[in-house]
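1. Test case, fold it:
(one chain, ligands or ions: 2)
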Amino acid sequence: TGHHWGYGEGDGPSAWHKNYPVAQGSRQSPIDIIPHQALQDRSLGPIVLNYDHCTSINISNNGHSVVVEFDDSDDRSVIQGGPLDNPYRLKQFHFHWGGKGCEGSEHTVDGYGYASELHLVHWNAVKYCSFGEASTAPDGLAVLGIFLETGDDHRWLHMITDALYMVKFKGSGTEFKGFNPKCLLPSSLHYWTYLGSLTTPPLHESVIWIVLKEPIAVSEKQLGKFRLLLFTGEEEDQRTRMENNFRPPQPLKGRKIQKRT
Ligand SMILES: NS(=O)(=O)NCC1=CS(=O)(=O)c2ccccc21
Ligand SMILES: [Zn+2]
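-> Numbering: from 1, shown residues only. Ligands and ions are numbered 1, 2, ... in the order given. The predicted structure follows:
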């Protein structure tokens, strides 16, 4: 269905522009964040996350990442404040990560890559009628990016990593209720924000990015469990480990990054 794309030699980020010309657009993501160059904007308020009544539904392997989807039929779990003019509804979260011991995040900070990056994807249900419609609008999506660095075990991440064996293959999924991603937030909600895009095809330039400065710590053991996932389906004889599913930083093309420290 649609155009096949991946993170391999022939179908990886450097080839995406062939089927998705917007890959060479003027507001592509991720980017390298240079903190010293970010502008302090006094009008930027704090980020407000109302996840207390969020409803996770399932966890699945879509062949690119592991995704936890939420019930976004009402405003039960939203992000607002900061650069956002409306509340944006939580639709799903997923991760990007590297191979053993090497980088894996999408955004970098002063050229520094983290081991992994969590994306919480939200859409503007005030202005648009569906995620699909919002995903092609310049203010349609808000993605909260959280860096993961290796250190101690994360006390709650096991709830995700313990389920990964059930979604090893592309196209596999299972029920995943009662998970509140609030437990994956760092202590500080200080952030950088800029206008960008989805970091995977279709690469729509519809994302207001909010990247938290403070990483969360996860253990190498926990990260290793993500690498047991496969890009390939059960029926395929080729078994390709899911790792290095990140797009490298893209040109800033004159964009300004704002910060709220
Ligand atoms: N890393 S990212 O978050 O920029 N992109 C992921 C993405 C690409 S998508 O349009 O398939 C989609 C549908 C629903 C939620 C997320 C996505
Ligand atoms: Zn992502």
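2. quick one: contacts for Gly12?
-> Applying Cβ atoms under 8 Å, 6 or more residues apart in numbering to Gly12 gives the contacts Gly6. Heads up, the C-betas are built off the backbone N, CA and C, glycines and all.
3. quick one: it is in a strand?
-> No. Gly12: not assigned to a strand; according to DSSP: H, G, I helix; E, B strand; the rest coil it is coil.
4. where are the low-confidence patches of the stretch 1-150 of the chain?
-> Residues of the stretch 1-150 of the chain meeting the criterion pLDDT under 70: 1-2.
5. Quick one: name the residues of it near ligand 1.
-> Residues of the stretch 1-150 of the chain found near ligand 1 (Cβ under 6 Å from any ligand atom) are 91-92, 119, 121, 135, 143.
6. Sort out which of these are in strands and list them.
-> The strands, defined by DSSP state E, take in 91-92, 119, 121, 143 from these.
7. Make a PyMOL selection of whichever of these turn out to be buried.
-> To isolate the buried members of these in PyMOL, using 16 or more other Cβ atoms under 10 Å:
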select buried, resi 91+92+119+121+143
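8. Return the member of the ones in strands among the residues of the stretch 1-150 of the chain next to ligand 1 nearest to Leu157.
-> Set against Leu157, the nearest of these by Cβ to Cβ is His119 (15.1 Å).
9. Show the contacting residues for that closest one.
-> Applying Cβ under 8 Å, 6+ apart, we find His119 in contact with 93-96, 143-145, 199.
10. Which of those ranks first by neighbour count?
-> When these are compared by neighbour count (other Cβ atoms under 10 Å), His96 ends up highest, at 27 neighbours.
11. From the contacts of His119, pick the one nearest ligand 1.
-> Thr199 (4.0 Å; Cβ to the nearest ligand atom).
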